[in-house]
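**Q** 3D model of this:
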Amino acid sequence: MVGNKIPVKLNGRVVYFEEFSFYEYKNICKMLISNNISDVCRCLDIILDRIAVDYPLNIIEKFECLVSIRNSILGNELSIKKDDAQINYDLNQLLTNVFIDKEFTLNDCVFKTPRYFTHSSVQNAAADYLYSYKGKIIFNEDIDEKVKVLNALDLPIMKIVSEIEKIREDSYIEILDNQVRLNIYDEAIVLFIRAIFNHDLMDLYNFEYQLLRHLKLRGEDLQYYTYPELKININFLTKEKEEEKEIGSNS
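**A** Take a look at the predicted model:
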C-alpha cells in the first residue's frame with residue numbers, strides 16, 4: 001500500500017523507505033531508459049530520497065537500500081538467459097554484508113567508502129573518500145569543502161588514488177554462475193542497479209491497459225496502489241475468469 005514504510009537493515013541499524021506507487025515506478029522506468037551514467041545516478045537519487053535517514057549513506061549502504069527497494073517491487077529473483085540456459089539468482093544474497101567498508105590512513109587523514117558512485121574528477125574522488133582529519137569526522141561535508149581540506153594539507157592526490165585503487169582491485173564479487181562481476185567502487189555498478197530496476201515499458205503500458213479495462217480503475221487511481229498490489233489483483237481476476245470459464249464448460 002502506498003505510504004507503507006519497509007525496513008532495511010544496515011550494519012545493525014534500520015532505515016525505512018516509503019513504497020512507490022505503480023505510477024511512480026513507471027516514471028522511474030522511463031528515466032532509466034538512458035544509458036548515461038549521470039542520468040541514471042540522478043534517477044537513483046530520486047529513489048534514495050524515499051529513504052528516511054538522518055545521516056549520509058555511503059555507496060555500500062545505498063547499494064543495499066536500492067536492492068531492497070527493487071526486491072519489494074519486482075521480487076527477489078534475477079533471471080538471465082545465457083547460451084540457451086536460464087540462470088536464476090536470489091538478489092537477497094547481495095544484502096548480507098557482501099561488500100565490506102574498507103579504510104586507509106595517510107598522515108592524519110582517514111579515508112573510507114565514499115558517498116557517491118561517480119565523480120567528475122580525480123580530486124573530487126579523493127575528497128569523497130575523506131572521512132576524518134585528526135579525529136574530526138568530515139564525511140558529512142560537501143565535496144568542495146573536503147577538497148579545500150586536502151588542498152590545505154598539501155597531501156599528494158596520486159598517493160590517495162593509489163590507495164583507492166588497491167581497495168577497488170579487491171572489492172568485487174561474482175554472481176549468476178560467475179557470469180557477472182560486481183565491484184561497488186566501479187561506475188559499472190550504476191548500470192547493474194539500472195538493469196535490475198528497469199522494466200520493459202511496453203509491458204508496463206500493457207499492464208496498465210489491463211488494469212483500466214478489467215479492474216475498472218481510472219488513470220489517477222494508479223498513484224494509490226503499488227505495482228505488487230496491482231499484480232495480485234490482476235492474478236485474482238485471471239483466476240476468477242478461469243474458474244468461470246471452467247464452470248461454463250462443465251455446464
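**Q** which residues touch Leu32?
**A** 40, 43, 194, 197-198 (CB atoms under 8 Å, 6 or more residues apart in numbering). (C-beta placed from N, C-alpha, C; glycine too.)
**Q** cutoff 6 Å now
**A** By CB atoms under 6 Å, 6 or more residues apart in numbering, the contact set of Leu32 is 43, 194, 198.
**Q** can you map out the strands along the chain?
**A** Using DSSP state E, the strands of the chain run over 5-10, 13-18, 51-52, 77-82, 85-90, 104-106, 109-111, 130-133, 136-137, 172-175, 180-183.
**Q** Counting residues, name the longest helix you see in the protein.
**A** As assigned by DSSP state H, the longest helix anywhere in the chain is helix 227-250.
**Q** which one of the strands of the chain lies closest to Leu211?
**A** Within those, the stretch nearest Leu211 is strand 13-18; the backing value is 21.8 Å (CB to CB).
**Q** Sort out which residues of the closest one are buried, please.
**A** 15, 17 (16 or more other CB atoms under 10 Å).
**Q** any idea of the mean pLDDT in it?
**A** What strand 13-18 shows for mean pLDDT is 88.
**Q** Taking strand 5-10 as reference, get the angle to it.
**A** For strand 13-18 against strand 5-10, the angle by axes from the mean of the first three to the mean of the last three CA atoms, to 10 degrees is 150 degrees.
**Q** burial of the closest residue to Ile167 other than its chain neighbours, as a residue count?
**A** Using CB to CB, 6 or more residues apart in numbering and skipping the chain neighbours, the partner closest in space to Ile167 is Lys102 (5.0 Å). Residues lying near Lys102 (other CB atoms under 10 Å) number 17.
**Q** where does Lys102 fall, phi/psi-wise?
**A** Taking degrees, to the nearest 10, you get phi -110, psi 150 for the backbone angles of Lys102.
**Q** show me where pLDDT drops low in the chain?
**A** 1-3, 248-251 (pLDDT under 70).
**Q** partner residues bridging Phe111?
**A** Counting by DSSP bridges, Phe111 forms beta bridges with Phe104, Leu130.
**Q** What's the separation between it and Phe117?
**A** 17 Å (CB to CB, to the nearest Å).
**Q** for Lys241, same thing?
**A** Using CB to CB, Lys241 is found at 45 Å from Phe117.
**Q** Could you pull out the helices in the stretch 51-200 of the chain for me?
**A** According to DSSP state H, counting those that start in this stretch, the stretch 51-200 of the chain carries its helices in the segments 59-74, 122-129, 143-153, 157-169, 188-197.
**Q** any chance of those helices in JSON lines, with distance to Tyr209 too?
**A** Output for these, formatted as JSON lines (distance: least, CB to CB, whole Å):
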{"stretch": "helix 59-74", "distance to Tyr209": "20"}
{"stretch": "helix 122-129", "distance to Tyr209": "44"}
{"stretch": "helix 143-153", "distance to Tyr209": "45"}
{"stretch": "helix 157-169", "distance to Tyr209": "45"}
{"stretch": "helix 188-197", "distance to Tyr209": "22"}
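**Q** between these, which one is nearest to Pro228?
**A** Pro228 sits nearest to helix 59-74 of all the helices of the stretch 51-200 of the chain, at 6.7 Å, using CB to CB.
**Q** Would you mind getting the angle between the closest one and strand 77-82?
**A** Helix 59-74 and strand 77-82 are oriented at 90 degrees to each other (the same axes, to 10 degrees).
**Q** relative to helix 227-250, how tilted is helix 59-74?
**A** Going by the same axes, to 10 degrees, helix 59-74 makes 20 degrees with helix 227-250.
**Q** Send me helix 59-74 as CSV with only the CA atoms.
**A** Written as CSV, here are the backbone C-alpha positions of helix 59-74 (Å, rounded to 0.1, in the frame of the first residue of the first chain):
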residue,chain,number,x,y,z
ILE,A,59,27.8,3.7,-1.6
ILE,A,60,27.6,0.3,0.1
GLU,A,61,24.6,1.3,2.2
LYS,A,62,23.0,2.9,-0.9
PHE,A,63,23.5,-0.3,-2.9
GLU,A,64,21.9,-2.4,-0.2
CYS,A,65,19.0,0.0,0.1
LEU,A,66,18.5,0.1,-3.7
VAL,A,67,18.5,-3.7,-3.9
SER,A,68,15.9,-3.9,-1.1
ILE,A,69,13.7,-1.4,-2.8
ARG,A,70,14.0,-3.3,-6.1
ASN,A,71,13.1,-6.6,-4.4
SER,A,72,10.0,-5.0,-2.8
ILE,A,73,8.8,-4.0,-6.3
LEU,A,74,9.8,-6.9,-8.5
